[in-house]
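S.K.: coords please:
(one chain, ligands or ions: 1)
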Amino acid sequence: MSQTKTVVAINGDGIGREIVAAARRIVDAAVTKDNITIEWVEKKAGGEAIDAYGEPLPAETIKACETADAVLLGAVGGPQWDDVAPSIRPEKAILGLRKALGLFCNLRPVRIFKALQDYSPLKPELVQNVDFVIVRELTGGIYFGEREEAEGEGPNELAWDKETYHRYEVERIMDVAIETAAKRRGKITSVDKANVLASSRLWRKIAQEKAAANPEIDMDYLYVDNTAMQLVVNPGQFDVIVTTNLFGDILSDEGAVVSGSLGLLPSASIGTGTALYEPIHGSAPDIAGRGIANPLGTILSAAMMCRYSLNAPKAADAIEAAVEKALEAGYRTGDIYKDGMQRVDTNGMTAAVLQYI
Ligand code: NAD
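M.R.: Predicted structure coming up:
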(Lines give C-alpha, C1' and ligand atoms only; values in the text may rest on other atoms or scores of the structure.)
Protein backbone atom coordinates (compact mmCIF):
# COMPACT_ATOMS: atom_id res chain seq x y z
CA MET A 1 0.00 0.00 0.00
CA SER A 2 1.35 3.34 -0.91
CA GLN A 3 1.28 6.25 1.50
CA THR A 4 -0.64 9.41 0.55
CA LYS A 5 0.86 12.87 1.08
CA THR A 6 -1.15 16.06 0.72
CA VAL A 7 0.40 18.94 -1.20
CA VAL A 8 -1.26 22.31 -1.69
CA ALA A 9 -0.56 23.54 -5.23
CA ILE A 10 -0.78 27.31 -5.63
CA ASN A 11 -0.35 28.28 -9.26
CA GLY A 12 -0.38 32.00 -8.64
CA ASP A 13 -0.03 34.36 -11.58
CA GLY A 14 1.67 34.69 -14.95
CA ILE A 15 3.58 31.50 -15.85
CA GLY A 16 2.62 29.97 -12.47
CA ARG A 17 -0.04 27.69 -13.90
CA GLU A 18 2.28 26.30 -16.60
CA ILE A 19 5.27 25.62 -14.36
CA VAL A 20 3.32 24.15 -11.45
CA ALA A 21 1.49 21.79 -13.83
CA ALA A 22 4.87 20.65 -15.17
CA ALA A 23 6.28 20.02 -11.68
CA ARG A 24 3.18 18.07 -10.67
CA ARG A 25 3.64 15.67 -13.58
CA ILE A 26 7.25 15.06 -12.58
CA VAL A 27 6.50 14.60 -8.88
CA ASP A 28 3.63 12.17 -9.56
CA ALA A 29 5.97 10.01 -11.63
CA ALA A 30 8.93 10.21 -9.24
CA VAL A 31 7.29 9.55 -5.87
CA THR A 32 6.22 6.06 -6.91
CA LYS A 33 9.90 5.17 -6.23
CA ASP A 34 9.23 5.88 -2.55
CA ASN A 35 5.84 4.18 -2.64
CA ILE A 36 4.03 7.48 -2.20
CA THR A 37 1.06 9.03 -3.98
CA ILE A 38 0.23 12.72 -3.86
CA GLU A 39 -3.15 14.23 -3.19
CA TRP A 40 -2.96 17.66 -4.79
CA VAL A 41 -5.16 20.38 -3.31
CA GLU A 42 -5.45 23.46 -5.53
CA LYS A 43 -5.74 26.81 -3.79
CA LYS A 44 -5.43 30.41 -4.87
CA ALA A 45 -3.06 33.18 -3.77
CA GLY A 46 -1.71 36.40 -5.21
CA GLY A 47 -3.39 38.20 -8.11
CA GLU A 48 -5.66 35.26 -8.96
CA ALA A 49 -7.01 35.35 -5.40
CA ILE A 50 -7.51 39.14 -5.56
CA ASP A 51 -9.61 38.61 -8.70
CA ALA A 52 -11.62 35.76 -7.18
CA TYR A 53 -11.98 36.88 -3.56
CA GLY A 54 -10.77 40.49 -3.32
CA GLU A 55 -7.79 39.51 -1.16
CA PRO A 56 -4.37 37.99 -1.96
CA LEU A 57 -4.38 35.29 0.71
CA PRO A 58 -7.84 33.89 1.54
CA ALA A 59 -8.32 32.16 4.88
CA GLU A 60 -9.18 28.88 3.11
CA THR A 61 -5.78 28.88 1.40
CA ILE A 62 -4.00 29.39 4.73
CA LYS A 63 -6.09 26.66 6.35
CA ALA A 64 -5.31 24.15 3.59
CA CYS A 65 -1.58 24.97 3.80
CA GLU A 66 -1.50 24.58 7.58
CA THR A 67 -2.77 21.02 7.43
CA ALA A 68 -0.86 19.87 4.32
CA ASP A 69 2.48 18.05 4.13
CA ALA A 70 3.92 20.73 1.83
CA VAL A 71 3.03 23.72 -0.34
CA LEU A 72 4.22 24.14 -3.93
CA LEU A 73 3.92 27.67 -5.32
CA GLY A 74 4.48 29.07 -8.82
CA ALA A 75 4.83 32.83 -8.47
CA VAL A 76 2.59 35.79 -7.73
CA GLY A 77 2.21 39.28 -9.13
CA GLY A 78 1.89 41.04 -12.44
CA PRO A 79 1.09 44.41 -14.00
CA GLN A 80 -2.70 43.85 -13.73
CA TRP A 81 -2.41 44.31 -9.96
CA ASP A 82 0.05 47.21 -9.91
CA ASP A 83 -2.67 49.66 -8.89
CA VAL A 84 -4.46 47.71 -6.17
CA ALA A 85 -4.40 49.08 -2.62
CA PRO A 86 -1.03 48.45 -0.88
CA SER A 87 -2.77 46.34 1.78
CA ILE A 88 -3.89 43.74 -0.79
CA ARG A 89 -0.88 43.65 -3.15
CA PRO A 90 -0.19 40.14 -4.52
CA GLU A 91 3.19 39.91 -2.66
CA LYS A 92 1.25 40.12 0.60
CA ALA A 93 0.35 36.50 -0.08
CA ILE A 94 3.98 35.42 0.28
CA LEU A 95 4.55 37.47 3.43
CA GLY A 96 1.25 36.20 4.84
CA LEU A 97 2.15 32.57 4.15
CA ARG A 98 5.59 33.03 5.78
CA LYS A 99 3.88 34.43 8.85
CA ALA A 100 1.04 31.89 9.02
CA LEU A 101 3.36 28.91 8.53
CA GLY A 102 6.18 30.24 10.76
CA LEU A 103 8.66 30.09 7.86
CA PHE A 104 11.76 31.62 9.47
CA CYS A 105 14.31 30.16 7.09
CA ASN A 106 14.85 30.34 3.35
CA LEU A 107 17.08 27.75 1.69
CA ARG A 108 18.49 28.71 -1.69
CA PRO A 109 20.77 26.16 -3.30
CA VAL A 110 23.03 27.46 -6.08
CA ARG A 111 24.41 24.67 -8.16
CA ILE A 112 25.80 25.07 -11.64
CA PHE A 113 25.04 22.07 -13.83
CA LYS A 114 28.02 21.01 -15.95
CA ALA A 115 26.00 21.49 -19.12
CA LEU A 116 25.29 25.13 -18.18
CA GLN A 117 28.71 26.24 -16.95
CA ASP A 118 29.17 28.64 -19.84
CA TYR A 119 25.93 30.48 -18.91
CA SER A 120 27.59 32.01 -15.87
CA PRO A 121 28.95 35.53 -16.32
CA LEU A 122 32.07 34.29 -14.47
CA LYS A 123 35.04 32.58 -16.14
CA PRO A 124 34.46 28.84 -16.63
CA GLU A 125 37.38 27.87 -14.36
CA LEU A 126 35.71 29.75 -11.48
CA VAL A 127 32.36 27.96 -11.66
CA GLN A 128 33.41 24.35 -12.09
CA ASN A 129 32.71 23.34 -8.48
CA VAL A 130 29.98 25.77 -7.55
CA ASP A 131 27.50 24.03 -5.26
CA PHE A 132 26.40 25.94 -2.17
CA VAL A 133 23.27 26.74 -0.18
CA ILE A 134 22.34 30.10 1.26
CA VAL A 135 20.45 29.78 4.54
CA ARG A 136 18.71 33.11 5.03
CA GLU A 137 16.89 34.22 8.16
CA LEU A 138 13.45 35.19 6.94
CA THR A 139 11.24 36.68 9.63
CA GLY A 140 13.50 38.94 11.68
CA GLY A 141 16.00 41.77 11.32
CA ILE A 142 15.51 45.11 9.67
CA TYR A 143 12.66 44.07 7.33
CA PHE A 144 10.47 43.42 10.36
CA GLY A 145 11.96 46.00 12.73
CA GLU A 146 10.53 49.32 13.81
CA ARG A 147 10.83 52.12 11.32
CA GLU A 148 10.02 55.75 10.98
CA GLU A 149 9.15 57.34 7.67
CA ALA A 150 10.56 60.80 7.11
CA GLU A 151 10.25 62.97 10.22
CA GLY A 152 11.62 66.49 10.79
CA GLU A 153 12.12 69.08 8.10
CA GLY A 154 14.67 70.52 5.69
CA PRO A 155 18.21 69.14 6.08
CA ASN A 156 17.07 67.47 9.31
CA GLU A 157 14.41 65.36 7.61
CA LEU A 158 15.11 61.86 8.91
CA ALA A 159 13.97 58.27 8.36
CA TRP A 160 15.21 55.13 10.09
CA ASP A 161 14.85 51.34 10.23
CA LYS A 162 15.88 49.18 13.16
CA GLU A 163 17.79 45.89 12.90
CA THR A 164 17.12 43.60 15.86
CA TYR A 165 17.88 39.94 16.48
CA HIS A 166 16.90 37.87 19.49
CA ARG A 167 19.07 34.99 20.64
CA TYR A 168 16.31 32.45 19.82
CA GLU A 169 16.09 33.72 16.24
CA VAL A 170 19.82 33.32 15.67
CA GLU A 171 20.02 29.97 17.44
CA ARG A 172 17.28 28.36 15.36
CA ILE A 173 18.69 29.55 12.03
CA MET A 174 22.16 28.30 13.06
CA ASP A 175 20.57 24.93 13.86
CA VAL A 176 19.12 24.75 10.33
CA ALA A 177 22.53 25.69 8.87
CA ILE A 178 24.26 22.99 10.93
CA GLU A 179 21.69 20.37 9.92
CA THR A 180 22.07 21.40 6.27
CA ALA A 181 25.88 21.35 6.40
CA ALA A 182 25.89 17.94 8.11
CA LYS A 183 24.14 16.49 5.02
CA ARG A 184 26.64 18.23 2.70
CA ARG A 185 30.37 18.96 3.03
CA GLY A 186 30.17 20.08 6.66
CA LYS A 187 31.32 23.66 6.12
CA ILE A 188 29.46 26.81 7.20
CA THR A 189 30.30 30.43 6.49
CA SER A 190 28.45 32.72 8.89
CA VAL A 191 28.06 36.16 7.34
CA ASP A 192 27.63 39.36 9.34
CA LYS A 193 28.96 42.89 9.77
CA ALA A 194 30.24 42.42 13.32
CA ASN A 195 32.91 45.10 12.93
CA VAL A 196 30.12 47.72 12.84
CA LEU A 197 26.73 46.37 13.96
CA ALA A 198 25.75 45.33 17.47
CA SER A 199 23.12 42.91 16.12
CA SER A 200 25.89 41.27 14.07
CA ARG A 201 28.07 40.90 17.15
CA LEU A 202 25.29 38.90 18.84
CA TRP A 203 24.91 36.92 15.60
CA ARG A 204 28.63 36.08 15.58
CA LYS A 205 28.76 35.24 19.30
CA ILE A 206 25.95 32.71 18.88
CA ALA A 207 27.51 31.30 15.69
CA GLN A 208 30.74 30.73 17.63
CA GLU A 209 28.87 29.03 20.47
CA LYS A 210 27.13 26.73 17.99
CA ALA A 211 30.44 25.95 16.27
CA ALA A 212 32.01 25.02 19.63
CA ALA A 213 29.06 22.74 20.42
CA ASN A 214 29.25 21.04 16.99
CA PRO A 215 32.94 20.25 16.41
CA GLU A 216 32.13 18.16 13.33
CA ILE A 217 31.20 21.41 11.57
CA ASP A 218 33.89 23.63 10.10
CA MET A 219 32.60 27.20 10.65
CA ASP A 220 34.21 30.35 9.41
CA TYR A 221 33.08 33.97 9.68
CA LEU A 222 33.06 36.59 6.94
CA TYR A 223 31.89 40.19 6.75
CA VAL A 224 29.12 40.69 4.24
CA ASP A 225 31.19 43.00 2.01
CA ASN A 226 33.95 40.41 1.77
CA THR A 227 31.37 37.68 1.07
CA ALA A 228 29.94 39.72 -1.81
CA MET A 229 33.44 39.80 -3.32
CA GLN A 230 34.26 36.15 -2.61
CA LEU A 231 31.04 35.08 -4.38
CA VAL A 232 32.43 36.38 -7.66
CA VAL A 233 36.14 35.72 -7.04
CA ASN A 234 35.91 32.16 -5.72
CA PRO A 235 32.31 30.91 -5.39
CA GLY A 236 33.48 27.27 -5.25
CA GLN A 237 34.81 27.78 -1.70
CA PHE A 238 31.31 27.91 -0.19
CA ASP A 239 29.22 25.03 1.10
CA VAL A 240 26.60 26.58 3.43
CA ILE A 241 26.29 30.33 3.92
CA VAL A 242 24.12 31.41 6.86
CA THR A 243 23.11 35.02 7.22
CA THR A 244 20.52 37.61 8.24
CA ASN A 245 17.36 38.56 6.38
CA LEU A 246 18.80 41.69 4.74
CA PHE A 247 22.23 40.28 3.86
CA GLY A 248 20.63 37.04 2.68
CA ASP A 249 18.24 38.89 0.39
CA ILE A 250 21.14 40.58 -1.38
CA LEU A 251 23.60 37.67 -1.40
CA SER A 252 21.02 35.17 -2.67
CA ASP A 253 20.34 37.33 -5.72
CA GLU A 254 24.08 37.63 -6.30
CA GLY A 255 24.29 33.83 -6.03
CA ALA A 256 21.51 33.50 -8.61
CA VAL A 257 23.37 35.70 -11.06
CA VAL A 258 26.55 33.67 -10.59
CA SER A 259 24.65 30.63 -11.86
CA GLY A 260 23.55 32.57 -14.95
CA SER A 261 20.20 30.83 -15.26
CA LEU A 262 17.38 32.34 -13.21
CA GLY A 263 14.80 29.88 -14.55
CA LEU A 264 16.61 26.94 -12.95
CA LEU A 265 16.97 27.94 -9.32
CA PRO A 266 14.77 26.41 -6.62
CA SER A 267 14.04 27.50 -3.07
CA ALA A 268 12.47 26.23 0.11
CA SER A 269 11.10 28.15 3.05
CA ILE A 270 10.98 26.13 6.22
CA GLY A 271 10.07 26.76 9.82
CA THR A 272 7.70 25.65 12.50
CA GLY A 273 4.78 24.75 10.19
CA THR A 274 4.31 23.35 6.69
CA ALA A 275 7.22 24.18 4.36
CA LEU A 276 6.79 26.13 1.12
CA TYR A 277 8.64 25.40 -2.12
CA GLU A 278 8.90 27.80 -5.06
CA PRO A 279 11.28 28.77 -7.85
CA ILE A 280 13.21 31.98 -7.19
CA HIS A 281 12.02 33.74 -10.34
CA GLY A 282 8.83 35.78 -10.61
CA SER A 283 5.65 35.32 -12.62
CA ALA A 284 7.30 36.37 -15.94
CA PRO A 285 4.20 38.18 -17.26
CA ASP A 286 6.03 38.90 -20.52
CA ILE A 287 5.88 35.22 -21.54
CA ALA A 288 2.82 34.04 -19.58
CA GLY A 289 0.26 31.84 -21.33
CA ARG A 290 2.55 30.98 -24.25
CA GLY A 291 3.72 27.61 -22.95
CA ILE A 292 7.40 28.52 -23.26
CA ALA A 293 8.40 29.08 -19.63
CA ASN A 294 11.30 27.12 -18.20
CA PRO A 295 9.77 24.70 -15.67
CA LEU A 296 13.10 23.50 -14.20
CA GLY A 297 13.23 25.92 -11.23
CA THR A 298 9.82 24.65 -10.11
CA ILE A 299 10.72 21.03 -10.84
CA LEU A 300 13.91 21.37 -8.75
CA SER A 301 11.89 23.07 -5.98
CA ALA A 302 9.60 20.04 -6.07
CA ALA A 303 12.69 17.81 -5.69
CA MET A 304 13.56 19.73 -2.50
CA MET A 305 9.95 19.22 -1.38
CA CYS A 306 10.28 15.46 -1.89
CA ARG A 307 13.51 15.41 0.15
CA TYR A 308 12.57 17.72 3.05
CA SER A 309 8.80 17.39 3.45
CA LEU A 310 7.53 14.22 1.78
CA ASN A 311 10.13 11.75 2.99
CA ALA A 312 10.69 10.77 -0.63
CA PRO A 313 14.50 10.83 -0.99
CA LYS A 314 14.56 8.50 -4.00
CA ALA A 315 12.18 10.79 -5.86
CA ALA A 316 14.31 13.83 -4.96
CA ASP A 317 17.50 12.18 -6.25
CA ALA A 318 15.72 10.89 -9.37
CA ILE A 319 14.30 14.33 -10.25
CA GLU A 320 17.65 16.09 -9.84
CA ALA A 321 19.46 13.44 -11.88
CA ALA A 322 16.78 13.57 -14.60
CA VAL A 323 17.09 17.36 -14.89
CA GLU A 324 20.85 17.02 -15.24
CA LYS A 325 20.44 14.36 -17.96
CA ALA A 326 17.89 16.43 -19.89
CA LEU A 327 20.32 19.37 -19.88
CA GLU A 328 23.24 17.16 -20.88
CA ALA A 329 21.15 15.79 -23.76
CA GLY A 330 20.86 19.37 -25.02
CA TYR A 331 17.20 20.21 -24.25
CA ARG A 332 16.79 23.96 -23.73
CA THR A 333 13.82 26.27 -23.21
CA GLY A 334 14.05 29.69 -24.90
CA ASP A 335 15.56 31.47 -21.88
CA ILE A 336 18.65 29.21 -21.93
CA TYR A 337 18.71 28.35 -25.64
CA LYS A 338 22.00 28.42 -27.57
CA ASP A 339 22.81 27.42 -31.15
CA GLY A 340 23.11 23.70 -31.70
CA MET A 341 20.81 22.82 -28.81
CA GLN A 342 17.36 21.25 -28.96
CA ARG A 343 14.82 24.05 -28.42
CA VAL A 344 11.74 22.91 -26.48
CA ASP A 345 8.73 24.53 -24.85
CA THR A 346 7.47 23.93 -21.30
CA ASN A 347 5.80 20.63 -22.26
CA GLY A 348 8.84 19.53 -24.23
CA MET A 349 11.19 20.14 -21.31
CA THR A 350 8.82 18.38 -18.93
CA ALA A 351 8.67 15.35 -21.26
CA ALA A 352 12.48 15.42 -21.55
CA VAL A 353 12.87 15.26 -17.75
CA LEU A 354 10.09 12.67 -17.45
CA GLN A 355 11.87 10.24 -19.80
CA TYR A 356 14.85 10.08 -17.38
CA ILE A 357 12.81 9.59 -14.17
P1 NAD B 1 10.62 37.65 -13.31
O2 NAD B 1 11.52 36.70 -12.60
O3 NAD B 1 9.20 37.29 -13.35
O4 NAD B 1 11.13 37.87 -14.81
C5 NAD B 1 12.41 38.39 -15.15
C6 NAD B 1 12.78 37.92 -16.57
O7 NAD B 1 13.11 36.53 -16.52
C8 NAD B 1 11.62 38.04 -17.57
O9 NAD B 1 12.13 38.38 -18.83
C10 NAD B 1 11.03 36.65 -17.62
O11 NAD B 1 10.42 36.33 -18.83
C12 NAD B 1 12.25 35.78 -17.37
N13 NAD B 1 11.89 34.54 -16.65
C14 NAD B 1 11.60 34.41 -15.35
N15 NAD B 1 11.29 33.15 -15.06
C16 NAD B 1 11.37 32.47 -16.20
C17 NAD B 1 11.14 31.11 -16.56
N18 NAD B 1 10.77 30.18 -15.66
N19 NAD B 1 11.30 30.75 -17.86
C20 NAD B 1 11.68 31.65 -18.78
N21 NAD B 1 11.91 32.94 -18.51
C22 NAD B 1 11.75 33.35 -17.25
O23 NAD B 1 10.84 39.06 -12.58
P24 NAD B 1 10.06 40.44 -12.81
O25 NAD B 1 9.77 40.64 -14.27
O26 NAD B 1 10.86 41.44 -12.07
O27 NAD B 1 8.70 40.26 -12.03
C28 NAD B 1 7.46 39.92 -12.66
C29 NAD B 1 6.40 39.78 -11.59
O30 NAD B 1 6.75 38.69 -10.70
C31 NAD B 1 6.25 41.01 -10.71
O32 NAD B 1 4.87 41.22 -10.46
C33 NAD B 1 6.98 40.65 -9.43
O34 NAD B 1 6.47 41.32 -8.32
C35 NAD B 1 6.70 39.15 -9.36
N36 NAD B 1 7.68 38.38 -8.56
C37 NAD B 1 7.16 37.38 -7.80
C38 NAD B 1 8.01 36.58 -7.06
C39 NAD B 1 7.40 35.48 -6.24
O40 NAD B 1 6.26 35.12 -6.45
N41 NAD B 1 8.11 34.91 -5.31
C42 NAD B 1 9.39 36.77 -7.13
C43 NAD B 1 9.90 37.78 -7.96
C44 NAD B 1 9.02 38.58 -8.68
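S.K.: Contacts only, for residue 97.
M.R.: Going by Cβ atoms under 8 Å, 6 or more residues apart in numbering, residue 97 touches 45, 57, 62, 65, 71, 73, 103, 276. Where C-beta positions appear, they are placed from N, C-alpha and C, glycine not excepted.
S.K.: contacting residues for the fifth one?
M.R.: The reference is to residue 71. 7-8, 10, 65, 97, 101, 274-277 are the contacts of residue 71 under Cβ under 8 Å, 6+ apart.
S.K.: which ones among those residues are found in strands?
M.R.: Among the contacts of residue 71, DSSP state E puts 7-8, 10, 276-277 in strands.
S.K.: Tell me how many other residues crowd the residue in the stretch 101-250 of the chain positioned nearest to the ligand.
M.R.: The stretch 101-250 of the chain approaches the ligand most closely through residue 106 (10.8 Å), counting by Cβ to the nearest ligand atom. Using other Cβ atoms under 10 Å, residue 106 has 25 other residues around it.
S.K.: A strand includes it, no?
M.R.: Yes. Counting by DSSP: H, G, I helix; E, B strand; the rest coil, residue 106 is part of a strand.
S.K.: correct me, but it touches residue 266?
M.R.: No. Counting by Cβ atoms under 8 Å, no contact exists between residue 106 and residue 266, whose distance comes to 11.3 Å.
S.K.: Residue 150: which element?
M.R.: strand 147-151 (DSSP states H and E).
S.K.: rewinding a little: format the contacts of residue 97 as JSON lines; extra columns: pLDDT.
M.R.: Conversion of the contacts of residue 97 to JSON lines gives the following (pLDDT from 0 to 100):
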{"residue": "45", "pLDDT": "98"}
{"residue": "57", "pLDDT": "98"}
{"residue": "62", "pLDDT": "98"}
{"residue": "65", "pLDDT": "98"}
{"residue": "71", "pLDDT": "98"}
{"residue": "73", "pLDDT": "98"}
{"residue": "103", "pLDDT": "97"}
{"residue": "276", "pLDDT": "98"}
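S.K.: Drop anything exposed from those residues.
M.R.: 45, 57, 62, 65, 71, 73, 103, 276 (16 or more other Cβ atoms under 10 Å).
S.K.: tally of neighbours for the residue of the stretch 151-300 of the chain found nearest the ligand?
M.R.: Nearest residue of the stretch 151-300 of the chain to the ligand: residue 282, at 2.5 Å (Cβ to the nearest ligand atom). Neighbourhood size, residue 282 [other Cβ under 10 Å]: 18.
S.K.: Just give the nearest non-adjacent residue to it, would you?
M.R.: Nearest residue to residue 282, sequence neighbours excluded (Cβ to Cβ, 6 or more residues apart in numbering): residue 75, at 5.1 Å.
S.K.: wait, the one you found sits on residue 17?
M.R.: No. Assessed by Cβ under 8 Å, residue 75 is found out of contact with residue 17, at 10.3 Å.
S.K.: Please identify which of the two sits among more neighbours.
M.R.: Higher neighbour count among residue 75 and residue 17: residue 75, with 29 against 18, using other Cβ under 10 Å.
S.K.: Provide the secondary structure category for the residue nearest the centre of the chain.
M.R.: Nearest to the geometric centre of the chain sits residue 267, at 2.1 Å (Cα atoms, centre = their mean). Following three-state DSSP, the label given to residue 267 is strand.
S.K.: pLDDT at it, what is it?
M.R.: Residue 267 is assigned 97 on the pLDDT scale.
S.K.: Identify the bridge partners of it.
M.R.: residue 278 (DSSP bridges).
S.K.: In contact with it, which residues?
M.R.: Residue 267 sits next to 106-109, 277-280, 301, 304 when contact means Cβ under 8 Å, 6+ apart.
S.K.: could you redo the last one with a cut-off of 10 Å?
M.R.: 73, 106-109, 134, 136, 252, 256, 276-281, 297, 300-301, 304 (Cβ atoms under 10 Å, 6 or more residues apart in numbering).
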